[in-house]
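Chemist: Sequence and computational prediction follow.
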Amino acid sequence: MGRQPCCDKLGVKRGPWTAEEDRKLINFILTNGHCCWRAVPKLAGLLRCGKSCRLRWTNYLRPDLKRGLLTDAEEQVVIDLHAKLGNRWSKIAAKLPGRTDNEIKNHWNTHIKKKLIKMGIDPITHEPLDRKASSPATTSQSVVTAESKSDEATKQQSPQNNSVRNASPDGSSPTESSTNTASTGGTSSSSHDQDPLVKWLLEEDPLTGDEPWLSFTDNVDVDEFSSIAAGLALPWDGATVDWLLDYQDFGLEGSSMVDSHMVNSSNGSKF
DNA sequence: AAGACACTCAACCGCTCAGCA
DNA sequence: CTGCTGAGCGGTTGAGTGTCT
């Protein structure tokens, strides 16, 4: 790759996480929360950079994560939101509780993209492939606005330009307006604006930001966390938490074992 | 059975943004 | 206003795994 690692300090471990590292990170965050990711590895006794810890937690260890493939309904939501928002995976993920941006991004690239192509829909423009060359206009079948199309076109023309993220979180910046003006442009009312579900998804954040593990600052123990999780219908029951914290003690190797456990433990429906 | 190829997804990287002094 | 720092985001990589020949 030739890139400089983000954490080029000697002694900073990279690569796949071990069960022991997962255990340390889980233990630390469940008892202390994460006030400052940079400090987490040091305090948790991990030879990782904070960035790596944050990624591991948010993409894999977080207790509210669903595991396994996206359901058809979730997939449809992703497609709809992608048509509206483009590659803003974090925004899309925010509308799908239990899903991470990384997961959605991966799923998009590996499954949905192909599915759409198979269906004759351009995954970038969300327009029928056979109409792409002949007419840029939107159709009733189209699930994207002309604006988001230009958004994608802009991005494609300047692959080094990450400026889509110049948009403010509420999508109101000039950049946002110029590249993804679905809410302001004349074609703002795609078919999904009439879809109550999509409308809701575009307006509401299912996650409020006050998830319990974000505010563990008072040495909440695992049992307490388990009950909180149960109360919130989080996917981790007490047994799972206990198991998760102990699974490497049974000689299970690698975090992939967590996956299989999570999937198998609930009739194959993720966790 | 074994090698080649395809696919998946965890993890990495660089960039940008937000908050603060 | 400016510069610094930490957090978050999206794009990309590559190891592991599955499927095909």
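Modeler: Noted; the coordinates are in hand. Numbering: from 1, shown residues only, chains lettered A, B, ... in the order given.
Chemist: so where is chain A shaky, pLDDT-wise?
Modeler: By pLDDT under 70, the low-scoring segments of chain A are A:1-11, A:131-271.
Chemist: and with 80 instead?
Modeler: A:1-12, A:33-35, A:66-69, A:118, A:128-271 (pLDDT under 80).
Chemist: domains of it?
Modeler: A:19-64+A:211-264, A:72-203 (automatic domain parsing).
Chemist: Please identify the helix or strand for the closest residue to A:Leu61 other than its chain neighbours.
Modeler: The spatially closest residue to A:Leu61, leaving aside those adjacent along the chain, is A:Ile26, at 5.6 Å (Cβ to Cβ, 6 or more residues apart in numbering). Where you see a C-beta, it was placed from the backbone N, CA and C, and this is true even at glycine. Here A:Ile26, judged by DSSP states H and E, is contained in helix A:19-32.
Chemist: Mind listing what's buried along that helix?
Modeler: A:Ala19, A:Glu21, A:Asp22, A:Arg23, A:Lys24, A:Leu25, A:Ile26, A:Phe28, A:Ile29, A:Leu30, A:Thr31, A:Asn32 (16 or more other Cβ atoms under 10 Å).
Chemist: So stretch A:27-34, near DNA strand B or not?
Modeler: No: judged by Cβ under 7 Å from any atom of the strand, stretch A:27-34 makes no contact with DNA strand B; its nearest approach is 14.6 Å.
Chemist: Same check on stretch A:46-59?
Modeler: Yes: counting by Cβ under 7 Å from any atom of the strand, DNA strand B has neighbours in stretch A:46-59: A:Lys51, A:Ser52, A:Leu55, A:Arg56, A:Asn59.
Chemist: among those, which ones are buried?
Modeler: A:Ser52, A:Leu55, A:Arg56.
Chemist: Tabulate the residues you listed in TSV, adding columns for secondary structure.
Modeler: Shown next, in TSV, are these (DSSP: H, G, I helix; E, B strand; the rest coil):
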residue	secondary structure
A:Ser52	helix
A:Leu55	helix
A:Arg56	helix
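Chemist: Show me which of those residues is closest to DNA strand B.
Modeler: A:Ser52 (3.7 Å; Cβ to the nearest atom of the strand).
Chemist: Packing partners of the helix holding A:Ile26?
Modeler: Here helix A:19-32 touches helix A:40-44, helix A:50-56, helix A:238-246, going by 3 or more Cβ pairs under 8 Å, 6 or more residues apart in numbering; DSSP states H and E.
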